[in-house]
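> Any chance you can model this:
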Amino acid sequence: MEYTLIGYFPKLRLTRESWPKHEGEFLAPKSIDRIASVSYCLAKGPTSFDFPEISQASFNQYGGFNRLADAHSAIDKSAIEGRNKYDLYAYALPSLIYTDGIAMPLEIGCVEPEEFPDSGISYVRLGFDVVEMEHCNLGHSPLTCNGQAGLFTEMLNEYCLITREEDAISLAKRFSIEKPEPGSYTFIEVWLLTASR
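Next comes the predicted model:
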């Protein structure tokens, strides 16, 4: 399946200990070490609302940055906790969305992030997240936002992401029917970017 890069997304690094507790227990399965969900419910990132000094014009229609330099600048301007507490992700979207279990074409629209550079950055695909999405709004990630991760442990890797594309497709279809959050569902390819040393 083909994917379209939709931007760069800085997020505060989140470990399983940061996951909310329920009746004294972590909701994260023991196999999960870090949480790299697309949703901003747990894995927070800089926004123009939270950080007025970051220009709204810096964000694209998906809430990401088209330029790596802008993503790094956002980290620098908002990283009160320290720059090393942020991770930088890139998200890629298929042209497919599920509504009530039916696959529909997804119009990705005009978004033009710069491609991964040939040098200075290393990048690795971490897996896939299933995300509720309306128009260009990336919504909830039920695996983390709704405690669904514990039901699908065998599909997930240490980042609380789905390892295999076919499982991501299956889960997007399932969530669009079961609706842990109302709406349509797609799946997003998640990449982690780090500065090469």
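> How about the contacts made by the most centrally placed residue in the chain?
Residue closest to the average C-alpha location in the chain (C-alpha atoms, centre = their mean): Val38, at 1.9 Å. By C-beta atoms under 8 Å, 6 or more residues apart in numbering, the contact list for Val38 reads 9, 91, 129, 131, 138, 141, 188, 190. For the C-beta atoms, the positions are set from N, CA and C on the backbone; glycine is no exception.
> got it, and Ser37?
With C-beta under 8 Å, 6+ apart, Ser37 has these contacts: 43, 129, 141, 143-145, 160-161.
> Taking these, tell me the two that lie furthest apart.
For the contacts of Ser37, the maximum inter-member distance is 13.9 Å, found between Cys145 and Leu161 (C-beta to C-beta).
> Looking at the two, which one has more neighbours?
For Cys145 and Leu161, the more surrounded residue by other C-beta atoms under 10 Å is Leu161, and the numbers stand at 29 against 19.
> now for the strand ranked longest in the chain, which elements pack on it?
With secondary structure taken from DSSP state E, the chain has its longest strand at strand 121-134. The contact analysis (3 or more C-beta pairs under 8 Å, 6 or more residues apart in numbering; DSSP states H and E) places strand 121-134 against helix 142-145, helix 165-178, strand 184-195.
> could you pull out the strands for the protein?
Going by DSSP E, the chain shows strands at 3-12, 21-22, 25-26, 86-94, 96-99, 102-105, 121-134, 137-138, 184-195.
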